[in-house]
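Engineer: compute the structure for the input listed below.
(4 chains)
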There are 2 protein chains.
Amino acid sequence: MKSRALHNLKAVGKKLTKARRAILAILEGSTLPLTASEVHGQLRKAHVSVDLVTVYRNLAMLHESGLLLTVSLQDGQLRYEVRHGREHHHHIQCRGCGKIVDLMLCPIKKLTELVERQTRFVVESHALEFFGWCPQCR
Amino acid sequence: MKSRALHNLKAVGKKLTKARRAILAILEGSTLPLTASEVHGQLRKAHVSVDLVTVYRNLAMLHESGLLLTVSLQDGQLRYEVRHGREHHHHIQCRGCGKIVDLMLCPIKKLTELVERQTRFVVESHALEFFGWCPQCR
DNA sequence: TGATATATGCAACTCATTTGCATTCGCTGA
DNA sequence: TCAGCGAATGCAAATGAGTTGCATATATCA
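Structural biologist: Alright, predicted model coming up:
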């Protein structure tokens, strides 16, 4: 019953620990990017005892291994979501309640080449986030 | 010799202090978004003695008053730049050296309406940042 | 199963940012 | 021009996310 992500983990030479299984399960079960402390909170709810430090270390490792993506909104907290099994997408966050909603669109791919020509950078990734007011907070 | 921003400040009912003049002068003289501590560093260089706390408070106030925009890259530090006198634009940051370069383009405006229809949010702003490798770090 | 390298937990630390509070200063009205 | 008031500042201490060191525990492989 190993998820694709767990399988990939082994391939990268990492051990399959209780903490990693649980963290990946939570992220795979979430439609939204989660912060380290949100992941930690869900671990407690699931009665899986894992230290917050371990959550941080594993999120960083999973990100480095390419299994997770990071989302940086403007509240200074880094969020993570699984890379595979999801279409490339972006987010919108409510300025009122903080709610995050997925946007299944990305107009940026075509732009990358233009950016590279304009800056002579090699573009590796981009972040596109919208901010506004959700129907309840409007 | 008041800048437009200073003029606007008065209009919002804020006092024109030494700190505010100096902070705005620095941001108006910069082509790149600056962090609080970068602003503070430039204040020291200009021999203007202002506490870092005051820099934080003023950047937040100027942002709330609409005179500054925030830029959130992925290093967990908030950067500020003046809103007026610049075209709406985005940034690219080098993953190697951290260098930030302006991108004078924005393909997003047209997209806002689509996002609003898709989410029923009212879109207020967006963040679009690119990350990659600059010519020197490539 | 046992050896070993990796992962974890705990405590303490870093660094950006915020808050409380006493003091100072810009601004308005006399 | 000056007094008085409320807003702004400086300093110290707190907060909160994230990191690091180190001793212990555990997954993995022979």
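
Engineer: run the angle between whichever strand in chain A runs longest and strand B:122-133 for me.
Structural biologist: For chain A, the strand with the greatest residue count under DSSP state E is strand A:122-133. Computed by axes from the mean of the first three to the mean of the last three Cα atoms, to 10 degrees, the angle separating strand A:122-133 from strand B:122-133 equals 160 degrees.

Engineer: so is strand A:122-133 next to chain B?
Structural biologist: Yes: counting by Cβ under 8 Å from any Cβ of the partner chain, chain B has neighbours in strand A:122-133: A:122-133. Bear in mind the C-beta positions are built from the backbone N, C-alpha and C, glycine included.

Engineer: mind listing what's buried in that strand?
Structural biologist: Neighbour-count burial for strand A:122-133, counted by 16 or more other Cβ atoms under 10 Å in any protein chain shown, picks out A:123, A:126-133.

Engineer: go on, stretch A:55-73?
Structural biologist: Those would be A:55, A:58-59, A:62, A:65, A:67-69, A:71-73, for stretch A:55-73 by 16+ other Cβ under 10 Å.

Engineer: hmm, the longest helix anywhere in chain A touching DNA strand D?
Structural biologist: The longest helix of chain A (DSSP state H) is helix A:52-64. Yes: interface with DNA strand D: helix A:52-64 contributes A:52-53, A:56-57, A:60 (Cβ under 7 Å from any atom of the strand).

Engineer: filter these by proximity to DNA strand C?
Structural biologist: A:53, A:57.

Engineer: tabulate the residues of strand A:122-133 next to chain B (TSV), appending distance to residue A:23 and pLDDT.
Structural biologist: Output for these, formatted as TSV (distance: Cβ to Cβ, whole Å; pLDDT from 0 to 100):
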residue	distance to residue A:23	pLDDT
A:122	31	91
A:123	29	90
A:124	25	86
A:125	22	86
A:126	26	90
A:127	23	91
A:128	26	91
A:129	24	88
A:130	28	90
A:131	28	89
A:132	31	85
A:133	32	88
